[in-house]
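1. Structure for this input, please:
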Amino acid sequence: MSSDKSSSGNSGASTPASALIVGAIGVVYGDIGTSPLYTLKQCLEGYEHFSQEQVFGTLSLLFWMLMVVVSIKYVLFILRADNKGEGGTMALMGLAVRGRPAWQKALLIALGTFGTALFYGDSMITPAISVLSAVEGISLISHSFEQWVIPICLVIIIALFVIQSRGTAVVGKLFGPVMVVWFLVLGAMGIWQIAQTPEILKALNPVYAFNIIQAAPYRTFVLLGSVVLALTGAEALYADMGHFGRGAIRKAWFALVLPALTLCYFGQGALLLRNPAAIENPFYLMAPAAGLIPLVIFASIATVIASQAVISGAFSVTRQAVQLGFWPRMDVQHTSEREEGQIYLPRVNWFLCLAVIALVLIFQKSDNLANAYGLAVTGTMLVTTILAFEVLLRNISRLQKILMFSCLSVLIAVDALLFASNSLKFIEGGWLPLLVGVVVFCFMMTWRNGRALLAEIQLRDRQPLGEFMVMLENHPPARVDGTAIFLSEAIGVVPPAFLHNLKHNKVLHQQNLFMHIKVADTPFVQIENKFKFNPLSASSWEATVTYGFKEEPDVPHALEQLGQLHTEVNLEPMRTSYFLSRETLVVIKKFSFISVRNRLFSLMMRNATRSTRFFRIPPNRVVEMGTQIEI
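-> Alright, predicted model coming up:
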């Protein structure tokens, strides 16, 4: 864990605090800021004819869930569990596994991977439900517009994904100010409605929440499945901590976002007390008739911003998974020369695009999608709390540990209750994000375990590198000019590419550097810890280059830095050649669960981005040596 100052990541060093707060409002709170479009409607539609007491109780439950889950759990507790200023399930998993026994480490890795996999289900549903709920407002202008809801949604969604390749560096600057105005509009509409029915503020008293729990425990348990819609996007507070910092996220929440959301929800409640028929769409009916069309347009813009944040999050999570060895190499395109976090992954982008379009066409209405939404969100929340439990209980006094244990136990119980409530919606659509999560989890674990198995196979009967190079120095083959770089996944053993070069070309370069790329469980690695250099013989060396999981591997740049530190190696680009192994897997032909996983792993290997592109190695200086491996 780090201090509040350090948690601001790289952006905090040069960006004013006010700009960080505005940026956090635009990116971090986009999703939770569009929840008022559909949450209260979904909550109260569960009642055939809702009463005043049920409106009060539902609002009270909703408000206190915001306070407990978002304000207390995420803002006050979870933001403390940062990995050198970075947040998110992968970063938290890296912290949680440190110093744990092997069986605990395996369990925590599986748990963290599943929580990450569930995020993809959330990334699919958020754009679909947000854009649908915004555009559905046009049906209030005229019912003849209802037939245009789906086509307009599809146009917005396709346009949203098309522009991803151009980056969000310029558009991102507008997100913060637009969302600030959005939250001010939410608060203003709420104040206007509350002023007409001020007694709705009684719902701030938690007694009303306890009353509906006592009156109908099971119905309230079911109601939690809809209340959780107000909490969607809370995970972004933690995931985006590295971009804006703990302090900016906290100030934005308490100064603007929480008050605006509370006023908006209570404003809808005030409207429903006066006019129960407004349940048709309480959010849009809060606005005066003349403001309906501008509000629909503004809401559509806000939902695009909310969707953009989730899509960018999917790009970041995928890159972290690739770096940590849970996903095959993918093409990562940087869309900004100045902002390291501005990235675009074509495969992820178009997969999400097709998935979101399919959801809109299948579910048709935001109400139908709401049933599918909560399970992925609450699953991710539960995983985050369990991993944070492991991290926050370390290195504190006994009294602090008792207090922290008590608080986190209550928070885990709340998360478990929310997850259990949303499990009731499994048949109505909750199966969808869970299925996506399970499939992605299987892919991620197949890749991780497959790479470990492949490394084990490749290490069999390998000769120690140091001894082999000394032997070659004593009995050298023909020597050729230049420096050969051999990229190897294993340290201390002879790489296949080197053996193939000796066998087929029967030459040894004047200088040979065996290079191993390693990814740490921290987001960034300082230059003094990035390189390990070990002489093997008079003309050969072994080097390990360590990157953080948020850094992009760049082999030529690493060699340039290494050449400045160790001048005995001639790493002049035009005198350097790269030798890489390219494995082709041969799967044994017999049907079993293991052979199915092996075939899946082989498929993933064939579709991984070529290592030359991923490591930014000049393709005209690369020699690839093919090998076949039977699994």
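2. tell me the contacts of Ala520?
-> 546-549 (CB atoms under 8 Å, 6 or more residues apart in numbering). Every C-beta, even on glycine, is put in place using the N, C-alpha and C of the backbone.
3. From those residues, which one has the minimum pLDDT?
-> Among those, Phe549 carries the lowest pLDDT, at 82.
4. for that residue, phi and psi?
-> phi -70, psi 0 (degrees, to the nearest 10).
5. Please name the nearest non-neighbouring residue to it.
-> With sequence-adjacent residues excluded and distances taken as CB to CB, 6 or more residues apart in numbering, Phe549 is closest to Gln323, at 4.3 Å.
6. Which helix in the chain has the most residues?
-> Assignment by DSSP state H gives helix 102-135 as the longest helix of the chain.
7. roughly how far is that helix from the heart of the chain?
-> Counting by CA atoms, centre = their mean, to the nearest Å, helix 102-135 is centred 8 Å from the centre of its parent chain.
8. just stretch 307-326 next, same as before
-> For stretch 307-326, the distance to the chain centre is 5 Å (CA atoms, centre = their mean).
9. same deal with stretch 354-366?
-> Between the centre of stretch 354-366 and the centre of its host chain there is 22 Å, according to CA atoms, centre = their mean.
10. coming back round to it: doesn't Val519 make contact with the residue nearest to Phe549?
-> Yes. Counting by CB atoms under 8 Å, Gln323 does reach Val519; the two are 4.8 Å apart.
11. Look at the two and report which has more neighbours.
-> More neighbours surround Gln323 than the other of Gln323 and Val519, with 22 against 18 (other CB atoms under 10 Å).
12. how much space between the more buried one and Gln42?
-> Computed as CB to CB, to the nearest Å, the Gln323 to Gln42 distance reads 38 Å.
13. cool, and Gly23?
-> The spacing between Gly23 and Gln42, counted by CB to CB, is 30 Å.
14. buried ones in the host helix or strand of Trp541?
-> Secondary structure from DSSP states H and E places Trp541 in strand 540-547. Using 16 or more other CB atoms under 10 Å as the test for burial, strand 540-547 gives 540-547.
15. Now stretch 326-346: average pLDDT?
-> Computed over stretch 326-346, the average pLDDT equals 73.
16. Do you have the strands of this protein handy? List them.
-> 333-334, 343-344, 478-487, 507-519, 531-537, 540-547, 576-586, 622-630 (DSSP state E).
17. May I see the buried residues of the fifth one?
-> With burial defined by 16+ other CB under 10 Å, the residues of strand 531-537 counted as buried are 531, 536-537.
18. other SSEs contacting it?
-> helix 465-474, strand 540-547, helix 555-565 (3 or more CB pairs under 8 Å, 6 or more residues apart in numbering; DSSP states H and E).
19. Could you point out which of these sits nearest Ile297?
-> Nearest to Ile297, of all the helices and strands packed on strand 531-537, is strand 540-547, at 43.9 Å by CB to CB.
20. The closest one vs helix 465-474, what angle?
-> Counting by axes from the mean of the first three to the mean of the last three CA atoms, to 10 degrees, strand 540-547 lies at 150 degrees to helix 465-474.
21. Show residues contacting strand 540-547.
-> Under CB under 8 Å, 6+ apart, the answer for strand 540-547 is 323, 465-466, 469, 473, 491-492, 511-520, 525, 529-536, 553, 555, 558, 562, 566, 569.
22. Now, of the residues you listed, which are buried?
-> For the contacts of strand 540-547, buried by 16+ other CB under 10 Å: 323, 465-466, 469, 511-517, 519-520, 525, 530-531, 536, 553, 555, 558, 562, 569.
23. per-residue confidence averaged over stretch 495-515?
-> Stretch 495-515 comes out at a mean pLDDT of 89.
24. Ok, stretch 94-112 next?
-> 86.
25. Show me how this protein divides into domains.
-> Domain ranges of the chain: 6-449, 462-630, per automatic domain parsing.
26. low-scoring stretches of the protein, by residue?
-> 1-16, 167-174, 243, 335-342, 461, 585-594, 626, 628-631 (pLDDT under 70).
27. Show me the residue sitting in the middle of it in space.
-> Taking CA atoms, centre = their mean as the criterion, Val317 is the residue nearest the geometric centre of the chain, at 3.8 Å.
28. Tell me who's in contact with that residue.
-> 88-90, 116, 119-120, 239.
29. Out of the contacts of Ala520, which comes closest to Ser611?
-> Using CB to CB, Tyr547 is the member of these that lies nearest Ser611, at 14.4 Å.
30. So that closest one versus Leu160, what's the distance?
-> 31 Å.
31. before we move on, what about Ile517?
-> For Ile517, the distance to Leu160 equals 34 Å [CB to CB].
32. ok so, going back, distance to Asn505 for the contacts of Ala520 - can I get that in JSON lines?
-> As requested, the contacts of Ala520 are arranged in JSON lines below (distance: CB to CB, whole Å):
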{"residue": "Thr546", "distance to Asn505": "31"}
{"residue": "Tyr547", "distance to Asn505": "31"}
{"residue": "Gly548", "distance to Asn505": "36"}
{"residue": "Phe549", "distance to Asn505": "36"}
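33. quick one: the helices in the stretch 301-450 of the chain?
-> Per DSSP state H, counting those that start in this stretch, the stretch 301-450 of the chain carries helices over the ranges 346-363, 366-392, 398-423, 431-459.
34. just those: most buried one?
-> helix 366-392 (a mean of 24; mean count of other CB atoms under 10 Å).
35. and the angle from that one to helix 102-135?
-> 150 degrees.
36. Check which helices and strands helix 366-392 sits against.
-> Helix 366-392 makes packing contacts with helix 39-44, helix 89-96, helix 102-135, helix 217-227, helix 234-239, helix 346-363, helix 398-423, helix 431-459 when contacts are defined by 3+ CB pairs under 8 Å, 6+ apart.
37. mind redoing it with 7 Å?
-> helix 89-96, helix 102-135, helix 234-239, helix 398-423, helix 431-459 (3 or more CB pairs under 7 Å, 6 or more residues apart in numbering; DSSP states H and E).
38. Tabulate these in TSV, adding columns for distance to Leu62.
-> TSV is the format used below for these (distance: least, CB to CB, whole Å):
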stretch	distance to Leu62
helix 89-96	26
helix 102-135	17
helix 234-239	13
helix 398-423	12
helix 431-459	22
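39. Compare those helices and report which one is nearest to Ala188.
-> Of the helices and strands packed on helix 366-392, the one closest to Ala188 (CB to CB) turns out to be helix 102-135, at 18.3 Å.
40. List the buried residues for that closest one?
-> Going by neighbour count (16+ other CB under 10 Å), the buried part of helix 102-135 is 108-109, 111-135.
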